[in-house]
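Student: sequence? don't have it. structure:
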């Protein structure tokens, strides 16, 4: 499977840049998730890669082949890019085998070659023996696998997945996440997975590209993205992070002594962090009730099954809201005072 390179890709609709100077390299065989809130430009980016839209600036290369530039556009049907949509887009009057083999029919492939490739695609997604059924006889997850098999039957150089689990219930989503992971491991396909669901992206991707306002603001493996967000947007969007104002007092060995409200704490930081005002990302696992930490007030308590999620507001930072998890035991009521010790956090790098 081919890799993918985007170099300064831009797409405008009127005066608005839906995709703004995006640069991205996806390695051969990599599973990359593109994650972001609604309206960030991720679907437009997918359409540009697929060839459904033409770029206004920059270039797109699949493998060693230039497919998009302002004066060069390879049509979608000639890009060898497979796409799996959230709506499945299956023909109800065709059998499963007929749906999977439809691209082959359009391409004029028939006979033994047709049968062999349809059987191989169905086997790859775990649907061997289902060829004679109709889509209406399948579950939602099985229909999604038919759509994936139809994508693969043409042996695409790149697989794009556009919110493929959005129409499934929560339990089926978890099962299909396992299916996608197993499929990627089995085929080694280069895959770009568009989603607004960070849990899906975290579970599946080798790396995640976070989009905001038409730009990619950070690309990193899931653990790095969670632990070391590069911008306040990423810190607040990924996980249950609180972004708070701090003052860096001193830095030693990638640890910063910071003042947070009426308390101090040592947080992780990037080399080169300097003293002065900054922002920090605090997550529930780095916050502990009690000790000599921040004086705070409980705003909300929500039982999550086995633990209670607290939303607390530091007295010295009335505009901040910290997420806190507590296990068994007494649960403070909203309005109750509480001390919160900061055991871990990340100083967000200063904007360049």
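Tutor: Received the coordinates, thanks. Only a predicted model underlies this, so the values are computations on that prediction, with no experimental measurement involved.
Student: now residue 96: how far from residue 117?
Tutor: Going from residue 96 to residue 117 by CB to CB, to the nearest Å gives 14 Å. Heads up, the C-betas are built off the backbone N, CA and C, glycines and all.
Student: quick one: which of the two has more around it?
Tutor: Legend: neighbour count by other CB atoms under 10 Å for residue 96 and residue 117, higher for residue 96 (26 against 19).
Student: So the more buried one sits against residue 129, correct?
Tutor: No - in this structure residue 96 lies outside contact range of residue 129 using CB atoms under 8 Å: 9.8 Å.
Student: What is the subsequent helix or strand relative to the lowest-mean-pLDDT helix or strand in the chain?
Tutor: The weakest-scoring helix or strand in the chain, judged by mean pLDDT, DSSP states H and E, is helix 170-187 (a mean of 74). Heading C-terminal from helix 170-187, the first helix or strand you meet, by DSSP states H and E, is strand 191-195.
Student: Pairing partners for that following strand, with directions?
Tutor: strand 31-35 (parallel), strand 158-162 (parallel) (DSSP bridges).
Student: which one of those lies closest to residue 304?
Tutor: Nearest to residue 304 among these is strand 31-35; the distance by CB to CB comes to 23.3 Å.
Student: Give the buried residues for that closest one.
Tutor: Judged by neighbour count (16 or more other CB atoms under 10 Å), strand 31-35 contains these buried residues: 31-35.
Student: same deal with stretch 119-126?
Tutor: Buried, per 16+ other CB under 10 Å, within stretch 119-126: 119, 121-122, 124-125.
Student: again with stretch 85-95
Tutor: When burial is assessed from 16+ other CB under 10 Å, stretch 85-95 yields the following buried residues: 85-86, 88, 90, 95.
Student: Pick out whichever of those residues sits closest to residue 241.
Tutor: Closest approach to residue 241 among the buried residues of stretch 85-95 (CB to CB): residue 86, at 27.3 Å.
Student: quick one: that closest one from residue 185, how far?
Tutor: Counting by CB to CB - residue 86 and residue 185 are separated by 23 Å.
Student: likewise residue 279?
Tutor: In terms of CB to CB, residue 279 sits 38 Å off from residue 185.
Student: Kindly report the same for residue 53.
Tutor: For residue 53, the distance to residue 185 - CB to CB - is 31 Å.
Student: now swap in residue 118 and tell me
Tutor: For residue 118, the distance to residue 185 - CB to CB - is 23 Å.
Student: neighbour count winner among the two?
Tutor: Taking neighbours as other CB under 10 Å, residue 118 and residue 185 compare with residue 118 leading, 23 against 10.
Student: so what strands line up beside the lengthiest strand in the chain?
Tutor: Scanning the chain for the longest strand, with DSSP state E as the assignment, gives strand 287-303. Each strand paired with strand 287-303, and its direction, by DSSP bridges: strand 308-314 (antiparallel), strand 337-342 (antiparallel).
Student: Turn the ones you listed into TSV, including mean neighbour count.
Tutor: Converted to TSV, the strands paired with strand 287-303 look like this (neighbours: other CB atoms under 10 Å):
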stretch	mean neighbour count
strand 308-314	20
strand 337-342	18
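Student: Reformat those as TSV; add distance to residue 12 and mean pLDDT.
Tutor: Converted to TSV, the strands paired with strand 287-303 look like this (distance: least, CB to CB, whole Å; pLDDT from 0 to 100):
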stretch	distance to residue 12	mean pLDDT
strand 308-314	40	92
strand 337-342	44	93
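Student: Next, the distance between the ends of stretch 22-41.
Tutor: Taking CA to CA, to the nearest Å, stretch 22-41 runs 10 Å from one end to the other.
Student: Could you do stretch 162-178 as well?
Tutor: For stretch 162-178, the first-to-last residue distance is 17 Å (CA to CA).
Student: and if you look at stretch 185-204?
Tutor: For stretch 185-204, the first-to-last residue distance is 11 Å (CA to CA).
Student: in it, what's buried?
Tutor: Buried residues in stretch 185-204, counted by 16+ other CB under 10 Å: 189-196, 198, 200-204.
Student: Among these, show me the least confident.
Tutor: On pLDDT alone, residue 189 ranks lowest of the buried residues of stretch 185-204, at 82.
Student: My guess is that residue contacts residue 160. True?
Tutor: No - between residue 189 and residue 160 there is no contact under CB under 8 Å: 10.7 Å.
Student: residue boundaries of the helices in the stretch 101-250 of the chain?
Tutor: 111-124, 140-152, 170-187, 198-204, 222-227, 232-237 (DSSP state H, counting those that start in this stretch).
Student: Please name whichever of these is nearest to residue 101.
Tutor: Smallest distance to residue 101 across the helices of the stretch 101-250 of the chain (CB to CB): 4.5 Å, for helix 111-124.
Student: What average pLDDT does that closest one get?
Tutor: Averaging pLDDT along helix 111-124 gives 90.
Student: by contact count, what packs against it?
Tutor: In terms of contacts (3 or more CB pairs under 8 Å, 6 or more residues apart in numbering; DSSP states H and E), helix 111-124 is packed against helix 96-106, helix 140-152, helix 170-187.
Student: Show me the one of the ones you listed that comes nearest residue 133.
Tutor: Of the helices and strands packed on helix 111-124, nearest to residue 133 by CB to CB is helix 96-106, at 5.1 Å.
Student: No more questions from me, cheers.
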